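> with the input below, show me the fold.
(one chain, ligands or ions: 2)
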Amino acid sequence: MQREPKVADIVEAAAKQGILIPAFNVFHLPMICTIVEALAKHNTFGLVEVSRIDIVKFQAKGVAEVAEEYRKCAQPMTALHLDHTPVIDEDGVRCDWQSMISKAIEVGYDSVMIDASRLPLDENIAVTRQVVEMAHPHGIAVEAELGAVLGHEEGPLPPYDELFESKRGFTDPDEARRFVKETGVDWLSVSVGSVHGAISAATKDQPKVAAKLDIEHLRKLRDATGVPLVLHGGSGVQPSYVAEGIKNGIAKINIGTDIRQPYERTIAAGGSVSEAQSASAEVISRVIREVYHIEGSADRLQTTDSRP
Ligand code: G3H
Ligand code: ZN
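Ligands and ions are numbered 1, 2, ... in the order given. Prediction:
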């Protein structure tokens, strides 16, 4: 696949064709080329992504360091994405999001995510709009979040089924309609039942719950927004719900915990970095082939090259 179309075109095409674009988080720098090589091996289009959490709480080092490592192995079927760039982080701390976004633009990321979801709607709109104005002139796509995909915060959540039934944090369709219209955002991260893998020292190694998705709610969001939707907390979402999610607007899925835990477990057990890389690669291959059914997607994606 020739990588001439921008990532916004590719994700839009994926949404239309019902093909899922996976985005794998980098928690440790050696994971970068592992992700790229696994995507290339299966001829699958996907993103390598890093978030502030991966940098500050794990070992991804920095926005520029990730880009530098990525350039060593980048392939036509991969792109580089700056994931969650929070305005207020999971600990309630105000963050310097402008510097992170500017750095990503400077060092050539293909897309960025601003996460102002902990702000009131009007402020989320204003910040997201600002990021769109920063990124689009450079041909960089922008993702934002509305609603709350819980799980990164410290402290216990209610039992999963209770949380799901309560619809706590779910994205409101009317707000989503207004948000997309007023921000010009390319992709929207929505909350419809998935949760983020825990990251606190006490909980980060625990297995994730097999989350469900409220497909009816997702459909309302798809109809209200008309842009590709993003499913965060992708690790462990039940495959049947992922399949229904793709049919109802989900075009990109973020996967972190599922590839981090085997990597860290291998290192903790005295394994080498290369053994840890293989442990992550195995998971990537499995989800590509057996869960998302996207092997060969790089050849199947048909784009019309028109957007920034
Ligand atoms: O932005 C990152 C993701 O939403 C990853 O979530 O670690 O639960 O797969 P996960
Ligand atoms: Zn996320």
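
> who are the packing partners of the longest strand seen in the chain?
What stands out as the longest strand in the chain, according to DSSP state E, is strand 78-86. On a contact count with 3 or more Cβ pairs under 8 Å, 6 or more residues apart in numbering; DSSP states H and E, strand 78-86 meets helix 7-17, strand 21-25, helix 31-41, strand 46-50, helix 52-56, helix 63-71, helix 97-106, strand 111-115. (C-beta placed from N, C-alpha, C; glycine too.)

> name the strands paired with it and say parallel or antiparallel.
Strand 78-86 has its sheet partners listed here by DSSP bridges as strand 46-50 (parallel), strand 111-115 (parallel).

> and it, anywhere near ligand 1?
Yes - Strand 78-86 is in contact with ligand 1 by Cβ under 6 Å from any ligand atom, via 83-84.

> now that strand, how far from the centre of its chain.
With Cα atoms, centre = their mean, to the nearest Å as the basis, strand 78-86 stands 7 Å off its chain's centre.

> that one - what's its average pLDDT?
Across strand 78-86, the average pLDDT comes to 98.

> ditto for stretch 292-308
For stretch 292-308, the per-residue pLDDT averages 83.

> what angle do the longest strand of the chain and helix 97-106 make?
Orientation check (axes from the mean of the first three to the mean of the last three Cα atoms, to 10 degrees): strand 78-86 against helix 97-106 gives 170 degrees.

> from now on call the first residue 38
Will do, 38 is the new start, and the previous item becomes strand 115-123.

> tilt between strand 115-123 and helix 100-108?
Using the same axes, to 10 degrees: strand 115-123 against helix 100-108 is 160 degrees.

> buried sites along strand 115-123?
115-123 (16 or more other Cβ atoms under 10 Å).

> can you give me the strands for the chain?
58-62, 83-87, 115-123, 148-152, 178-183, 224-227, 266-268, 287-292.

> near ligand 1, which residues of the stretch 38-187 of the chain show up?
So the stretch 38-187 of the chain meets ligand 1 at 62, 88, 120-121 (Cβ under 6 Å from any ligand atom).

> again, 8 Å this time
Within the stretch 38-187 of the chain, the positions near ligand 1 by Cβ under 8 Å from any ligand atom are 60, 62, 86, 88, 120-121, 150, 186.

> just flag the most distant two among the residues you listed.
By the measure Cβ to Cβ, 86 and 186 form the most distant pair in these, at 14.7 Å.
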